[in-house]
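**Q** Sequence and computational prediction follow.
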Amino acid sequence: MKSNTKNSSQFILPKNKIDEFYEVGFIIIENVFTINEISNIIQALNRLESTALLLDQGMIMHNGSQFVIDKHSDGSTIQTKIKRVVWCGSAEPKLLKMGQDSRLMQMAGQIMGCNQANHIINQVHFKLPGDNVFFPFHQDSRHRGYGTNSWKDINGKGSYVQMVMAIDEVTLDNGPMLFVPHSCRNGHLDLPYDEEDETISQYFNAEDAVPALMNPGSVALFGPYTIHGSKPNKSYKPRRVFINGFAYPGANFRDYPGKGSGELIDIHTE
Ligand SMILES: O=C(O)CCC(=O)C(=O)O
């Protein structure tokens, strides 16, 4: 078990924000991280991107992180699409430290009502211009294995929180995350993970989804049942996000890829 020590002052979420998290399904907390901290994260992301260019395609374990990469040739050059880097903090320890920063951990504790949490997601999405990376509408409860032996909802409220930190400015053009307000109220729906599957429209109306526009350093928080997705980046600038996910102790039974993933972390409130 590890304790989060960095920046150990109290970071308090107002009660109305916690209520909004459970009622609307997502909240955005602005300016959680400073521009200096974001610059440090960018240096780590640049190194991960350079590494990805040298790796084969597929799901490649490298330095304890899983790089998910597509490569294709356009005739003369090889194009690399980095879909995600899972448990990125093994290859770049600074990202593990930032992912367990006390501001994130304290928000996780206040939302889930716990003083420890399992850190199960520590991931980067690059979404570079022209890479056509997108994420079909889904609930994270599917990825966590709700309804199977992989997950037990211990706190009766989903037992999970995902936090997406904006590294670049997130605009309407660069593929912002799209959240369907109040979709969390219906619990786990077992949605098909496929944009083409028309049965998905019986569960929600994609036109209701709202974009999460954020400045670098802001963090979007959402629960396991909130329906969300994102479209490709149509701009000329990257839309990188750094994602961390925390489970209520005892909720998760799945092993996630990455050296050290799933660690139980103590949450200090002062
Ligand atoms: O990076 C994105 O746009 C999608 C992220 C996402 O779907 C998630 O964090 O569950």
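**A** Received, thanks. Given the structure is predicted, the values throughout are model-derived calculations rather than measurements.

**Q** so residue 49, which of the three states?
**A** Residue 49 falls in the helix class when you classify it by DSSP: H, G, I helix; E, B strand; the rest coil.

**Q** so it touches residue 126, yeah?
**A** Yes. Judged on C-beta atoms under 8 Å, residue 49 makes contact with residue 126 at a distance of 6.6 Å. Backbone N, C-alpha and C define where each C-beta goes, glycine included.

**Q** shared neighbours, those two?
**A** Residues touching both residue 49 and residue 126 (C-beta atoms under 8 Å, 6 or more residues apart in numbering) are residue 82.

**Q** So those two - more neighbours on which side?
**A** Taking neighbours as other C-beta atoms under 10 Å, residue 49 and residue 126 compare with residue 126 leading, 22 against 17.

**Q** Give me the pLDDT for the more buried one.
**A** Residue 126 is assigned a pLDDT of 98 by the prediction.

**Q** cool, residue 94 as well?
**A** pLDDT, read off for residue 94, is 98.

**Q** State whether it is indeed within a helix.
**A** Yes. Counting by three-state DSSP, residue 94 falls inside a helix.

**Q** burial measure for it, as a count.
**A** 15.

**Q** same thing with the one 10 residues further on?
**A** As a burial measure, the neighbour count of residue 104 was computed by other C-beta under 10 Å and equals 26.

**Q** Going by secondary structure, it is in what exactly?
**A** In the assignment (DSSP states H and E), residue 104 maps to helix 102-112.

**Q** Restricting to C-alpha, output that helix in PDB.
**A** C-alpha atoms of helix 102-112 as PDB (Å, rounded to 0.1, in the frame of the first residue of the first chain):
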ATOM      1  CA  SER A 102      -3.200  14.200  -3.600                       C
ATOM      2  CA  ARG A 103      -5.600  16.600  -5.500                       C
ATOM      3  CA  LEU A 104      -6.900  13.700  -7.600                       C
ATOM      4  CA  MET A 105      -6.800  11.200  -4.800                       C
ATOM      5  CA  GLN A 106      -8.700  13.600  -2.500                       C
ATOM      6  CA  MET A 107     -11.400  14.200  -5.100                       C
ATOM      7  CA  ALA A 108     -11.700  10.400  -5.600                       C
ATOM      8  CA  GLY A 109     -12.100   9.900  -1.800                       C
ATOM      9  CA  GLN A 110     -14.800  12.600  -1.500                       C
ATOM     10  CA  ILE A 111     -16.700  11.300  -4.500                       C
ATOM     11  CA  MET A 112     -16.700   7.600  -3.500                       C
END
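
**Q** Please identify the buried residues of stretch 164-173?
**A** By neighbour count on 16 or more other C-beta atoms under 10 Å, the buried set for stretch 164-173 is 164-168, 170-171.

**Q** Among these, which one lies nearest to residue 269?
**A** residue 165 (20.9 Å; C-beta to C-beta).

**Q** Pairing partners for the next helix or strand after the helix holding residue 104, with directions?
**A** Elements were assigned by DSSP H and E; along the chain past helix 102-112, the next helix or strand is strand 116-125. When sheet partners are counted by DSSP bridges, strand 116-125 sits next to strand 78-86 (antiparallel), strand 241-247 (antiparallel), strand 263-266 (antiparallel).
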